[in-house]
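*Asks:* Predicted model and sequence below, questions to follow.
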Number of protein chains: 4
Amino acid sequence: MKLLLDLCIIPMGVGVSVSKYIAACELVLQEAKLKTHLHAYGTNIEGEWDDVMAAVKRCHEKVHEMGAPRISTTIRMGTRTDRDESLEAKVRSVNEKL
Amino acid sequence: MKLLLDLCIIPMGVGVSVSKYIAACELVLQEAKLKTHLHAYGTNIEGEWDDVMAAVKRCHEKVHEMGAPRISTTIRMGTRTDRDESLEAKVRSVNEKL
Amino acid sequence: MKLLLDLCIIPMGVGVSVSKYIAACELVLQEAKLKTHLHAYGTNIEGEWDDVMAAVKRCHEKVHEMGAPRISTTIRMGTRTDRDESLEAKVRSVNEKL
Amino acid sequence: MKLLLDLCIIPMGVGVSVSKYIAACELVLQEAKLKTHLHAYGTNIEGEWDDVMAAVKRCHEKVHEMGAPRISTTIRMGTRTDRDESLEAKVRSVNEKL
């Protein structure tokens, strides 16, 4: 099952600056060889369900290892059975109508 | 790794009434023997990371099997390493301060 | 326009325990005389769009006044034009199918 | 109060293809002269709180006018009092650490 997911991880208890934790998660996603797009409020991820979810779990483990005692994460994600979907196709589909 | 997760599944392409799909997901969570609390905008779930995530995947599979061609899901979730956490404790902690 | 909204406010830069900030937001919502239901991952709110959104803004102002330098909030919300909707009706609609 | 917000609007009851509604919301945001970035799972928006929230309300009104009887929206948003923040700065801050 193909999964498109948007991940936003918020480390808590480590102050207001959290970009180093987000950067570490980007590396986790790269190591997992997943297609990604970083934006200002999260990271779009495309891949097989199990691969994407394993990487999300690894992100939590990594951020805890870096010293964050608590993590609050939000995810938007979608699956579809009617046709294949991709990150680029979603954006292109909107832009074609503008 | 203990996980508290709030799940909101939106089947698309099946009209405006989606409660039967949500009910089916409640049964999936019950079968997984996870602690849950249904509210008006999602379902709180408590359990081990892998058990909770397996149930979330099963919910997507179930809703597709019921005929929904597309699903858009949002999740809020949290882990912590400083102490154990539970759904009840989170609500109690706020209520004690009111 | 009637709005059902689920609010989850995360103060950042104030340590791992944030329940006193959430409690303060509950009071803001009570003062606004909005119908609410607190759960383990947020608060369901029901009311007119402008009233609910004014209360959400007041929550941000309040949490900053209490000393949090940064806030990360997630919202799920819904409007519909086909019929009236309420927090209770949404939960009842699912429970009737269980 | 400056607001960074990530908006994801899901029209319900109009089938699986919703890009024309998202495109209409992009126009609403352009007309409001807000800084935006469209990605595969939403749109980053930057502006003053009241301006951004007025545009979000206008998006809901527009999508209903186009015929969608129900809308389910998710928002991530943040405010901070310690320093000014921008969409570009958030992404740059992560990229500098990669």
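*Replies:* Perfect, I can see it now.

*Asks:* so does stretch A:11-19 get close to chain C?
*Replies:* Yes. Using CB under 8 Å from any CB of the partner chain, stretch A:11-19 reaches chain C at A:12, A:13, A:15, A:16, A:18. In short, each C-beta sits where N, CA and C put it, glycine included.

*Asks:* For chain A, what lies in contact range of chain C?
*Replies:* By CB under 8 Å from any CB, the residues of chain A that approach chain C are A:10, A:12, A:13, A:15, A:16, A:18, A:69, A:70, A:72, A:74.

*Asks:* quick one: which two of those residues are the most distant?
*Replies:* Spatially, the most separated pair among those is A:15 and A:74, at 19.9 Å (CB to CB).

*Asks:* More neighbours: the two, which one.
*Replies:* residue A:74 (24 against 13; other CB atoms under 10 Å in any protein chain shown).

*Asks:* can I assume the more buried one is in contact with residue C:6?
*Replies:* No. Between residue A:74 and residue C:6 there is no contact under CB atoms under 8 Å: 11.9 Å.

*Asks:* Kindly tell me how buried residue A:81 is, as a neighbour count.
*Replies:* Neighbours of residue A:81 (other CB under 10 Å): 18.

*Asks:* Apologies, that question was intended for residue A:50.
*Replies:* Residue A:50: 12 neighbours (other CB under 10 Å).

*Asks:* Doesn't it belong to a strand?
*Replies:* No. According to DSSP: H, G, I helix; E, B strand; the rest coil, residue A:50 belongs to no strand; its state is helix.

*Asks:* quick one: contacts for it?
*Replies:* By CB atoms under 8 Å, 6 or more residues apart in numbering or on different chains, the contact set of residue A:50 is empty.

*Asks:* Could you list the residues of chain A in contact with chain D?
*Replies:* A:4-6, A:8, A:16, A:19-20, A:22-23, A:26-27, A:37-42, A:44, A:74, A:76, A:80, A:82, A:87-88, A:90-91, A:93-98.

*Asks:* Taking these, please make a ChimeraX selection of just the buried ones.
*Replies:* ChimeraX command restricting these to the buried ones, with burial defined by 16 or more other CB atoms under 10 Å in any protein chain shown:
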select /A:4,5,6,8,19,22,23,26,37,38,39,40,41,42,44,74,76,80,87,90,91,93,94
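
*Asks:* The residues of chain A next to chain D in strands, which ones?
*Replies:* Of the positions in the residues of chain A next to chain D, A:4, A:5, A:6, A:8, A:37, A:38, A:39, A:42, A:44, A:74, A:76, A:80 sit in strands, assigned by DSSP state E.

*Asks:* quick revisit: out of the residues of stretch A:11-19 next to chain C, the closest to chain D would be?
*Replies:* Nearest to chain D among the residues of stretch A:11-19 next to chain C, counting by CB to the nearest CB, is residue A:16 at 6.2 Å.

*Asks:* just checking, the closest one touches residue C:70?
*Replies:* Yes. Using CB under 8 Å, residue A:16 makes contact with residue C:70 at a distance of 4.6 Å.
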